[in-house]
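Visitor: Fold the following for me, if possible:
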Amino acid sequence: MKKILLIMILLSLAPISALAQRVKPSEYTRQVNFVSEANGQVTVRSIGWGKKEAHAQIDAEKRAIETILFVGLPEAQRHGALVENESQALSSHEALFNRLLNEQEYRKFVMNSTQKGTHFKAKGQKVRSMPVDVTINTKALQKYLEQNDVIRGFGF
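Guide: Purely as a prediction, here's the structure:
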């Protein structure tokens with residue numbers, strides 16, 4: 001009887017421990033900083049989070065794209081975000097943004113992605129962070145959004 005009770009307790013705790021180990025990007029602040037801009041390409045330094053270096057690099061690239069799409073970079077020539085109303089765009093073009101952000105279609109706009117530090121584990125964190133310089137072709141990204149009717153020409 002004790003063995004059955006012990007097994008039931010362990011089985012009930014297993015899903016909780018599995019959930020605690022997943023990386024939830026919403027728990028971390030978006031850390032993307034402008035580095036340079038030239039020829040329709042913007043380079044930003046983005047902090048990515050993940051248990052492995054590859055996961056942290058992918059997270060950094062995704063955060064950089066999301067920042068350019070929905071937040072904007074005040075230091076860049078084009079100050080504002082490419083997509084003005086994030087919630088409206090995400091709901092009306094759900095399939096497009098799912099492909100772009102979740103299925104990594106954004107990678108065709110990433111021209112270069114270079115680690116700029118070590119895969120560092122902060123005290124008290126379950127995952128590691130890593131700075132990555134990401135160069136994004138913003139002209140091509142804007143044209144892609146225009147062709148898919150997310151934004152109108154000239155960014156309006």
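
Visitor: so where's this structure shaky on pLDDT?
Guide: Applying pLDDT under 70 to the predicted model, the residue ranges of the chain that meet it are 5-30, 79, 154-156.

Visitor: quick one: the helices in it?
Guide: Secondary structure of the chain, counting by DSSP state H: helices at 2-20, 53-66, 86-92, 94-97, 138-147.

Visitor: My understanding was that Phe109 contacts Lys139; is that so?
Guide: No - counting by C-beta atoms under 8 Å, Lys139 is not a contact partner of Phe109; they are 9.5 Å apart. All C-beta atoms are positioned from the backbone trio N, CA, C, and that covers glycine.

Visitor: of those two, who's got more company?
Guide: Between Phe109 and Lys139, counted using other C-beta atoms under 10 Å, the more crowded position is Phe109 (22 against 14).

Visitor: what's the distance between the more buried one and Gly117?
Guide: Between Phe109 and Gly117 the distance, using C-beta to C-beta, to the nearest Å, works out to 23 Å.

Visitor: Likewise for Ala54?
Guide: In this structure, Ala54 and Gly117 are separated by 15 Å, where distance is defined by C-beta to C-beta.

Visitor: related to what we said a few turns ago, ok, which of the helices of the chain comes nearest Gln77?
Guide: The minimum distance between Gln77 and these falls on helix 138-147, with 9.5 Å, by C-beta to C-beta.

Visitor: deepest of the helices of the chain, which one?
Guide: Compared across the helices of the chain, helix 53-66 shows the largest average neighbour count, a mean of 21 (mean count of other C-beta atoms under 10 Å).

Visitor: Check which helices and strands that one is in contact with.
Guide: strand 41-50, strand 110-115, strand 128-137 (3 or more C-beta pairs under 8 Å, 6 or more residues apart in numbering; DSSP states H and E).

Visitor: Tell me what angle that helix forms with helix 138-147.
Guide: For helix 53-66 against helix 138-147, the angle by axes from the mean of the first three to the mean of the last three C-alpha atoms, to 10 degrees is 70 degrees.

Visitor: would TSV of the helices of the chain with distance to Glu105 be doable?
Guide: Conversion of the helices of the chain to TSV gives the following (distance: least, C-beta to C-beta, whole Å):
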stretch	distance to Glu105
helix 2-20	28
helix 53-66	10
helix 86-92	15
helix 94-97	9
helix 138-147	9
